[in-house]
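**Q** need coordinates for the below:
(one chain, ligands or ions: 1)
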Amino acid sequence: MHRVAYVNNSFVPMDKAFVSIEDRGLQFSDSVYEVVMVINKNLIDFEHHIKRLEFSLNQLSIKFYINKIIIKNIFQKLIKKNSLKNGILYLQITRGVQPREHAYKKNLKPTFICYTQKKTFNLPNNNFKSYKAVTYPDIRWSRVDIKSTSLLPNILASTYALKNKAYEAIFIKNNKITEAAHSNVWIIKNNTIYTHPAKSRILNGITRLKIIEIIKKNKLKFKEKTFTLKQLYDADEVFITSSGSLITPINKIDNKKINNGKIGILTKKLAVMLISNYKKQK
Ligand code: PDD
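**A** As a prediction, this is how the structure comes out:
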């Protein structure tokens, strides 16, 4: 089956989906993106993703008017055209095309790209898997709260993880854990759940927001507080979250086993609650 993408105003076959070589997204990573999960053909947390997309566009003064109804319609058509049941929708908006110059001109026409990718999610059933992570220095810029495609440090970290047979690279800045190359990081110690505050140094993940909602609703012990590398190694449970990985348990970090290499009880409980929340979304 041929995959279909959406570029600017049209649906096109994947092998005919092109942008200009003078697109600022290509030349300068002058662009923002979102990854939206699709479960059972349904868009997950669409409104939250649109809100974050608007935030990213505004922070970079990329003038793209978001029409939620039109974007939802494009997403739903792509899901249909690509017969996507479970996977992700990738959306990228670049500042547009301009002869190469660092400073951008006013009134550029942003480039809009969107396509789908099939994915098998790690679900909290009998086959729920846990993975190794490695630690890596957080060498990113200070505006990682903007979901921009400027991801070189994340790419280097992820490739280091891959080479070391790990699923994710956890970032350390000034001996504090910030987040990971493509997900947010959580630890559990004495039944209290911890994650880095979203005020700075991390991307405020949509999955993260959802889990905080679930934690609060179920009156679980929770602190939005930074933690050190030692606290990470000494945690009772560790997990990461993202729209591509939902809740993924971590059973080893560098050479240190977490929870004797087993999936933690609270991690699994949260993963079950998250997926049941997703199943309710239509
Ligand atoms: N990554 N932190 C970083 C650095 C991320 O790249 C992501 C998502 C997250 C989690 O955000 P969310 O829960 O909204 O997916 C946190 C996406 C999936 C990616 O780049 O592929």
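**Q** now the nearest residue to residue 40 once chain neighbours are set aside: how far from the ligand?
**A** Leaving aside its chain neighbours, residue 40 sits nearest to residue 85 (6.5 Å; criterion: Cβ to Cβ, 6 or more residues apart in numbering). Any C-beta I mention is one placed from the backbone N, CA and C, and that applies to glycine too. From residue 85 over to the ligand the distance is 19 Å, taken as Cβ to the nearest ligand atom, to the nearest Å.
**Q** again with residue 203
**A** 4 Å.
**Q** now do the strands in the stretch 51-200 of the chain.
**A** Assigned by DSSP state E, counting those that start in this stretch, the strands in the stretch 51-200 of the chain fall at 87-94, 111-118, 131-137, 168-173, 176-180, 184-189, 192-195.
**Q** mind putting these into CSV with distance to the ligand, mean pLDDT and mean neighbour count?
**A** Output for these, formatted as CSV (distance: least, Cβ to the nearest ligand atom, whole Å; pLDDT from 0 to 100; neighbours: other Cβ atoms under 10 Å):
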stretch, distance to the ligand, mean pLDDT, mean neighbour count
strand 87-94, 7, 98, 21
strand 111-118, 10, 98, 19
strand 131-137, 12, 98, 20
strand 168-173, 8, 98, 22
strand 176-180, 5, 98, 24
strand 184-189, 5, 98, 23
strand 192-195, 11, 98, 20
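**Q** these into a markdown table, with extra columns for distance to residue 247?
**A** Below are the strands of the stretch 51-200 of the chain laid out as a markdown table (distance: least, Cβ to Cβ, whole Å):
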| stretch | distance to residue 247 |
| --- | --- |
| strand 87-94 | 16 |
| strand 111-118 | 20 |
| strand 131-137 | 12 |
| strand 168-173 | 13 |
| strand 176-180 | 13 |
| strand 184-189 | 8 |
| strand 192-195 | 11 |
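**Q** out of those, nearest to residue 205?
**A** strand 184-189 (4.4 Å; Cβ to Cβ).
**Q** and the closest one, what does it pack against?
**A** Strand 184-189 is packed against strand 176-180, strand 192-195, helix 206-217, helix 229-233, strand 237-242, with contacts defined by 3 or more Cβ pairs under 8 Å, 6 or more residues apart in numbering; DSSP states H and E.
**Q** now the angle from that strand to helix 206-217?
**A** Between strand 184-189 and helix 206-217, the angle comes out at 30 degrees (axes from the mean of the first three to the mean of the last three Cα atoms, to 10 degrees).
**Q** who's in contact with strand 184-189?
**A** By Cβ atoms under 8 Å, 6 or more residues apart in numbering, the residues outside strand 184-189 that reach it are 170, 177-179, 193-196, 202-203, 205, 207-208, 211, 227, 231-232, 234-242, 264, 266-267.
**Q** pLDDT weak spots in the stretch 1-150 of the chain?
**A** Counting by pLDDT under 70, the stretch 1-150 of the chain contains no low-confidence segment.
**Q** that one: helices as residue ranges?
**A** With DSSP state H, counting those that start in this stretch as the criterion, the stretch 1-150 of the chain has helices at 24-28, 46-59, 68-81.
**Q** residue 102 against residue 28, yeah?
**A** Yes. The pair formed by residue 102 and residue 28 meets the contact definition of Cβ atoms under 8 Å, at 7.2 Å.
**Q** the two: who's more crowded?
**A** The neighbour count for residue 102 versus residue 28, taken as other Cβ atoms under 10 Å, is higher for residue 28 (17 against 8).
**Q** okay, now residue 19: neighbour count?
**A** 17.
**Q** residue 2 now?
**A** Neighbours around residue 2, by other Cβ under 10 Å: 9.
**Q** measure the residue lying closest to it once chain neighbours are set aside to the ligand for me?
**A** Using Cβ to Cβ, 6+ apart and skipping residues adjacent in sequence, the residue nearest residue 2 is residue 13, 5.3 Å away. Look at residue 13 and the ligand: by Cβ to the nearest ligand atom, they are 23 Å apart.
**Q** pull the contacting residues for residue 40.
**A** Counted by Cβ under 8 Å, 6+ apart, residue 40 has contacts 85-86, 279.
**Q** out of the residues you listed, the closest to residue 59 would be?
**A** Comparing the contacts of residue 40 against residue 59 with Cβ to Cβ places residue 86 closest, at 31.3 Å.
**Q** quick one, domains of the chain?
**A** As given by automatic domain parsing, the domain ranges for the chain are 4-118, 131-279.
**Q** give me whichever of these is most buried.
**A** Mean neighbour count, computed with mean count of other Cβ atoms under 10 Å, is highest for domain 131-279 among the domains of the chain, reaching a mean of 18.
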